[in-house]
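next come a sequence and a model predicted from it.
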Amino acid sequence: MNRLLLTPMIYDICIVGGGASGMAAACAAKMENPDVSVCIVEKGGKPGRKLLATGNGRCNFTNSSCDDFTTVLDFFRKLGVMAREEEQGRIYPFSGRAEDVLRAFELFLGRSGVRIITGFAVDSIDYSIAGEMVVSFGMDQEVRGRKVLLAVGGKAGSQYGCTGDGYKLSREAGHTVTKIIPALSPLECAGDFEKIGGCRAKASVTLLRKGEALHSEKGEVQFGDYGLSGICVMNLSRYIRLDEWELSDYKIACDFVPEMTEDEAVLELQRKSEVLSIPYEQLLSSIVPRSLGEHILGMAGGHVRQAAHFLKNTRFTVSGVKGWKFAQCTSGGVLMDEIDPLTMESKIVKGLFFGGEILDYDGPCGGYNLNNAWITGIKAGRAMAKDV
């Protein structure tokens, strides 16, 4: 990898951003046309840093529910990555190690002669020269590309250097960038979470906006000192929109016994109280963690029927989205209507392509967002390598 560009040259393909989509595009271009010249300009010290954190370090790189997951699997086979499917369609490398996926990319890029320039953030792209674009970065240096891919990611994961640089470059090219907000993020909630922080409980969770149900999920809810987390809660965060609504308009309703109706829950708690003589303060033992049970029983005020109600419908008012450092992806970005969906080429600037999180796409947890990064990179890489 080159930290300094010694001799400016014209590449067939210049990729801005060495994340998942950028690396996929470079590999796909070389698979399509081994003779094409490719460079990646990455502002970090090494491409793929954020990839190492995906799937809790296991790299859940696609999902069998994605329409085009077979294309992604075939692409990874060509990189030498074996895959296995686990629960809910999540697909991981066979080793369960994200570092092995990154290593496969490094080996292929190295063997294919892709030049990687690290440590430079792109400042501007000049489209005025016919047949090429000038990609400029620090210390008055530049590379030139006959075709350029913007794959710099979004703003989620700021600790990995994701700062949203590409939105400025996209606007300068004439593209529309929709409002960006953190997605797949823990949610801050009003109230005192000191006693229930650290609890985990299975539940059905529903996001309400002014009482109207927007979306429901099932899974494990994790309680922090700030509010709620867990995959099911983070999936709900995708449906929060602040352009027309206030945070206080949103509530999360938790049903800790979705297998029961409220009447059935009442009968079960009455049986425990009256037949088994279990004290009120222990009625929810074996149903939810102790501190959460105490919280629910406290709201119920000593009434068994109310305890059953809150067991089925405990509500928390959303007070904030945890933020870019904690978000797994970005909601919003470059408007998809301005991009050719088959090639990922701009409809505004010929020879300019887009891939990955910079685009206005966000999917749920479970491999959907990485799948989008790969598939948009693969499409762009193949298209850029043709007619060179």
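In hand now; what should we look at? Residues are numbered from 1 along each chain as shown.

count of neighbours near the closest residue in space to Val304 that isn't next to it in sequence?
Spatial nearest neighbour of Val304, excluding adjacent residues (C-beta to C-beta, 6 or more residues apart in numbering): Leu269 at 5.0 Å. Heads up, the C-betas are built off the backbone N, CA and C, glycines and all. Other residues near Leu269 come to 22 when the count uses other C-beta atoms under 10 Å.

now the helix or strand Lys168 falls within: average pLDDT?
Here Lys168 sits within helix 165-172, counting by DSSP states H and E. Averaged across helix 165-172, pLDDT comes to 94.

mind listing what's buried along it?
Asp165, Gly166, Tyr167, Leu169, Ser170 (16 or more other C-beta atoms under 10 Å).

what comes into contact with it?
16-17, 43, 121-122, 124-125, 150-154, 177, 180, 333-334, 354, 358 (C-beta atoms under 8 Å, 6 or more residues apart in numbering).

immediately after it, which helix or strand?
As the chain continues past helix 165-172, the following element, by DSSP H and E, is strand 181-183.

which strands and helices sit next to that next one?
strand 329-331 (3 or more C-beta pairs under 8 Å, 6 or more residues apart in numbering; DSSP states H and E).

what strands flank the strand it packs on, and is each parallel or antiparallel?
Strand pairing for strand 329-331, determined by DSSP bridges: strand 181-183 (antiparallel).

buried stuff in the strand it pairs with?
Quick answer for strand 181-183 (16+ other C-beta under 10 Å): Ile181, Pro182, Ala183.

so, low pLDDT: which residues of this protein?
Low-confidence segments of the chain (pLDDT under 70): 1-8, 158, 160-162.

pull the longest helix from it.
Ordering each helix of the chain by length in residues (DSSP state H) puts helix 368-385 first.

how many residues are close by Glu338?
18.

for it, grab phi and psi.
Per-residue torsions, Glu338: phi -90, psi 10 (degrees, to the nearest 10).

related to what we said a few turns ago, only alpha carbons, please: show the helix holding Lys168 as CSV.
Extracted in CSV, the C-alpha atoms of helix 165-172 (Å, rounded to 0.1, in the frame of the first residue of the first chain):
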residue,chain,number,x,y,z
ASP,A,165,-17.2,13.2,3.2
GLY,A,166,-18.9,11.8,0.1
TYR,A,167,-22.1,13.8,0.5
LYS,A,168,-20.2,17.1,-0.3
LEU,A,169,-18.6,15.4,-3.3
SER,A,170,-21.9,14.1,-4.4
ARG,A,171,-23.6,17.5,-4.2
GLU,A,172,-20.7,19.1,-6.1
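
and Asp243, what does it touch?
Asp243 touches Lys179, counting by C-beta under 8 Å, 6+ apart.

and it, what element?
Using DSSP H and E, no helix or strand contains Asp243.

who are the contact partners of Asp68?
Asn371, Ile375.

tell me the SS of the residue nearest to Val304?
Using DSSP: H, G, I helix; E, B strand; the rest coil, the structure places Leu269 in helix.

surely it is in contact with Gln306?
No - under the criterion of C-beta atoms under 8 Å, Leu269 makes no contact with Gln306, lying 10.0 Å away.

tell me how far Gly174 lies from Val349.
7 Å (C-beta to C-beta, to the nearest Å).

and these two? Which one has more around it.
Neighbours per residue, other C-beta under 10 Å: of Gly174 and Val349, the larger number sits with Val349, 17 against 13.

domain-wise, how is the chain divided?
In the domain annotation for the chain, the residue ranges read 10-181+329-385, 187-321 (automatic domain parsing).

tell me the most buried of those?
Most buried of the domains of the chain by mean neighbour count (mean count of other C-beta atoms under 10 Å) is domain 10-181+329-385; its value is a mean of 20.

need the residue closest to the centroid of the chain.
Cys329 (3.2 Å; C-alpha atoms, centre = their mean).

got a list of what it touches?
Gly154, Ala156, Ala183, Leu184, Glu357, Asp362, Gly363, Asn369.

again, but for Met31
Lys78, Gly381, Arg382.

quickly find the element holding it.
helix 20-32.

kindly export that helix (C-alpha atoms) in PDB.
Extracted in PDB, the C-alpha atoms of helix 20-32 (Å, rounded to 0.1, in the frame of the first residue of the first chain):
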ATOM      1  CA  ALA A  20     -16.800  -2.900   1.700                       C
ATOM      2  CA  SER A  21     -18.300  -1.500  -1.500                       C
ATOM      3  CA  GLY A  22     -15.000   0.000  -2.800                       C
ATOM      4  CA  MET A  23     -13.100  -3.300  -2.300                       C
ATOM      5  CA  ALA A  24     -15.900  -5.300  -3.900                       C
ATOM      6  CA  ALA A  25     -15.900  -3.000  -6.900                       C
ATOM      7  CA  ALA A  26     -12.100  -3.200  -7.400                       C
ATOM      8  CA  CYS A  27     -12.300  -7.000  -7.200                       C
ATOM      9  CA  ALA A  28     -15.300  -7.300  -9.500                       C
ATOM     10  CA  ALA A  29     -13.600  -5.000 -12.000                       C
ATOM     11  CA  LYS A  30     -10.500  -7.200 -12.100                       C
ATOM     12  CA  MET A  31     -12.700 -10.300 -12.400                       C
ATOM     13  CA  GLU A  32     -14.500  -8.800 -15.300                       C
END
